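1. Need coordinates for the following:
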Amino acid sequence: MEKLLSAESLCKTYILKGNSNNVLRGVDLDISDGEFVCVMGPSGSGKSTLLYTVSGMDAMTSGKVLFGGRDISALSKKELAKLRLNEMGFIFQQMYMLKKLCVLDNILLPGFQTGGDRKQVKERAEQLMRRLGIIDCAEREITEISGGQLQRACLCRALINAPKIIFADEPTGALNSKAAEEVMRELTAANRAGTAVLMITHNVRVAAQSDRVLYLLDGDIQGELQLGRLENEADLTKRERTLNTWLMDRGW
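-> Here you go, the predicted model:
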């Protein structure tokens, strides 16, 4: 597989009241086309900052991030916004949706912003909503649906423009176990269809479904566990045990 995203000596420093806080300290990271990678680590280790920085949502202090061979630090704000809109999808623990729009319109919005055929965009949105079992919620307001339905709507929105990668920040963190399983099932299906995933999670069972797990500590990657592609659901418990042991060895 070819590299889709590559970070080299990535650093991020925040200055607060004259004090420097080095959140990322020379991170090196590669994500291949169609790969599913999870980032784990204790709170405050820099996981969310890493996700926001490699996606271009937050500016790096130093280092380099290449996406599809393009140096994102050399792109203008307009070019970055276009890149994120057309080639990246985002899912967050805090499920940001516009309350003035119904569920369907929230999903359609990024699709319409690309300037594509509106009929085709709507057909794709409805297809995604049917696949994720939320087509009955299409005309409802955001406040009228459950957390699990809302997160599945966020996944539809992230997939509407057929991105090359999805950046997911604790997408199951606020969900019950059943809703979390539903979201992971669809996220895994999108990955099997060729979309790369970079996910932050504290959930060992969720991470055990990825191809590879990175352990971030004090702003640097301190370990990597290759799990390979999950081919059989029956293997998940064994993978979970393997991952849990690996994490405990690192002070998890």
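2. which residues touch Ala153?
-> Residues near Ala153 by CB atoms under 8 Å, 6 or more residues apart in numbering: 95, 97, 103, 106-107, 129, 132, 134, 137, 145. All C-beta spots, glycine's among them, are computed from the backbone N, C-alpha and C.
3. Surely it is within a helix?
-> Yes - secondary structure of Ala153 (DSSP: H, G, I helix; E, B strand; the rest coil): part of a helix.
4. Give me the pLDDT for it.
-> Here the pLDDT value assigned to Ala153 is 93.
5. from now on call the first residue 616
-> Okay, using 616 as the starting number, the last item reads as Ala768.
6. Could you measure from it over to Asp784?
-> Distance from Ala768 to Asp784, counting by CB to CB, to the nearest Å: 16 Å.
7. Can you pick out the ones from the contacts of Ala768 that are in helices?
-> Counting by DSSP state H, the contacts of Ala768 place 718, 721-722, 744 in helices.
8. possible to save the residues you listed as JSON lines with distance to Ile646 and pLDDT?
-> Formatted as JSON lines, those follow (distance: CB to CB, whole Å; pLDDT from 0 to 100):
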{"residue": "Val718", "distance to Ile646": "30", "pLDDT": "96"}
{"residue": "Asn721", "distance to Ile646": "27", "pLDDT": "95"}
{"residue": "Ile722", "distance to Ile646": "25", "pLDDT": "96"}
{"residue": "Met744", "distance to Ile646": "28", "pLDDT": "94"}
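9. so which of the residues you listed comes closest to Ala823?
-> Minimum distance to Ala823 across the ones in helices among the contacts of Ala768 is 28.1 Å, recorded for Met744 (CB to CB).
10. With adjacent residues omitted, what lies nearest to that closest one?
-> Closest residue in space to Met744, ignoring its immediate chain neighbours: Ile750 at 4.4 Å, by CB to CB, 6 or more residues apart in numbering.
11. now do Met672
-> Met672's closest residue in space is Arg699 (CB to CB, 6+ apart), at 7.4 Å.
12. Do I have it right that that neighbour meets Asp673?
-> No - using CB atoms under 8 Å, Arg699 is not in contact with Asp673; the gap is 12.0 Å.
13. The two: which is more packed in?
-> Arg699 (20 against 16; other CB atoms under 10 Å).
14. coming back round to it: pick out whichever of the ones in helices among the contacts of Ala768 sits closest to Phe682.
-> Phe682 has its nearest neighbour among the ones in helices among the contacts of Ala768 in Ile722, at 24.0 Å by CB to CB.
15. Number of residues surrounding that closest one?
-> If you count neighbours by other CB under 10 Å, Ile722 ends up with 28.
16. Please apply the same query to Arg739.
-> 20.
17. Same question for Gly649.
-> By other CB under 10 Å, 19 other residues sit near Gly649.
18. and the gap between it and Ala805?
-> From Gly649 over to Ala805 the distance is 10 Å, taken as CB to CB.
19. Please apply the same query to Gln764.
-> 18 Å.
20. and if you look at Val642?
-> Separation of Val642 from Ala805 (CB to CB): 25 Å.
21. quick one, strands of the chain?
-> 618-631, 634-647, 651-655, 677-682, 685-686, 703-707, 780-784, 811-815, 827-832, 835-841 (DSSP state E).
22. is it possible to export these to CSV including mean neighbour count?
-> Shown next, in CSV, are the strands of the chain (neighbours: other CB atoms under 10 Å):
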stretch, mean neighbour count
strand 618-631, 16
strand 634-647, 16
strand 651-655, 24
strand 677-682, 17
strand 685-686, 12
strand 703-707, 22
strand 780-784, 24
strand 811-815, 25
strand 827-832, 21
strand 835-841, 15
